[in-house]
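**Student:** compute the structure for the input listed below.
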Amino acid sequence: MTEPTDEALPRRELLCILANPPLGSGERTRARLGLARDLLGFETFTIRNLFAVPSCTVTDISTLGATPDGWAQARQQMEAAFSACDGVLLAFGISEPTGAARKYHREQVGWVAERLVASGCRSFQVGDGPRHPSRWQRWTSRHHGELEFSAALEASLG
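**Tutor:** Next up is the predicted model:
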């Protein structure tokens with residue numbers, strides 16, 4: 001009996017790691033993540049965040065994330081999700097917060113990288129960085145302008 005190849009393994013749960021929860025519905029982001037889920041061949045997706053405190057914009061993390069509490073809470077939530085996923089989509093953005101929050105952000109990103117290796121899950125991102133779904137169209141139009149968005153996104157997910 002031979003071992004199944006990666007393509008033969010079921011892809012049930014895609015863990016999507018974003019920056020922090022929105023204050024609003026996040027409907028547009030969820031729609032983009034659903035498209036990525038489909039293009040990557042997963043059945044469902046779960047969202048977890050590097051930082052647990054909701055805000056209007058990610059720039060608010062510089063102020064809200066100056067202490068370790070929201071980072072520690074998010075890490076606990078991500079830990080459980082890592083145990084249940086079959087793949088990870090890194091989509092927390094390419095900008096770092098400023099001030100004291102930058103240290104916590106870098107530690108959290110380092111922890112995610114270590115956890116990815118330990119989990120053995122395949123990871124994905126759009127292009128050459130963990131772009132947020134709100135920036136995917138900008139990236140794909142620059143690099144695959146001749147393609148419709150979904151085809152360009154599929155070509156950019158790696």
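**Student:** Arg75 touches Gln108, doesn't it?
**Tutor:** Yes - contact criterion CB atoms under 8 Å: Arg75 and Gln108 qualify, at 6.8 Å. From N, CA and C alone the C-beta is placed, and that goes for glycine too.
**Student:** between the two, who's got more neighbours?
**Tutor:** When neighbours are counted by other CB atoms under 10 Å, Gln108 comes out ahead of the other of Arg75 and Gln108, with 24 against 19.
**Student:** name the residues that touch the strand or helix carrying that one?
**Tutor:** Using DSSP states H and E, Gln108 sits within helix 100-119. The contact list for helix 100-119 (CB atoms under 8 Å, 6 or more residues apart in numbering) reads 17, 50-51, 61-68, 71, 74-75, 78-79, 82-83, 85, 88, 90, 92, 96-97, 123.
**Student:** sec struct for Gln73, please.
**Tutor:** helix (DSSP: H, G, I helix; E, B strand; the rest coil).
**Student:** ok, it - contacts?
**Tutor:** Ala52.
**Student:** all strands for the protein, in order.
**Tutor:** With DSSP state E as the definition, the chain shows strands at residue ranges 13-18, 44-49, 87-90, 122-124.
**Student:** go through those strands and name the closest to His144.
**Tutor:** With CB to CB as the measure, strand 122-124 is the member of those nearest His144 (16.1 Å).
**Student:** tell me the strands beside the closest one, with direction?
**Tutor:** Strands that pair with strand 122-124, judged by DSSP bridges, come out as strand 87-90 (parallel).
**Student:** okay, the partner strand in CSV with CA atoms only?
**Tutor:** Extracted in CSV, the C-alpha atoms of strand 87-90 (Å, rounded to 0.1, in the frame of the first residue of the first chain):
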residue,chain,number,x,y,z
GLY,A,87,-3.8,24.5,5.5
VAL,A,88,-3.0,28.1,6.6
LEU,A,89,-3.6,31.3,4.6
LEU,A,90,-1.4,34.2,5.9
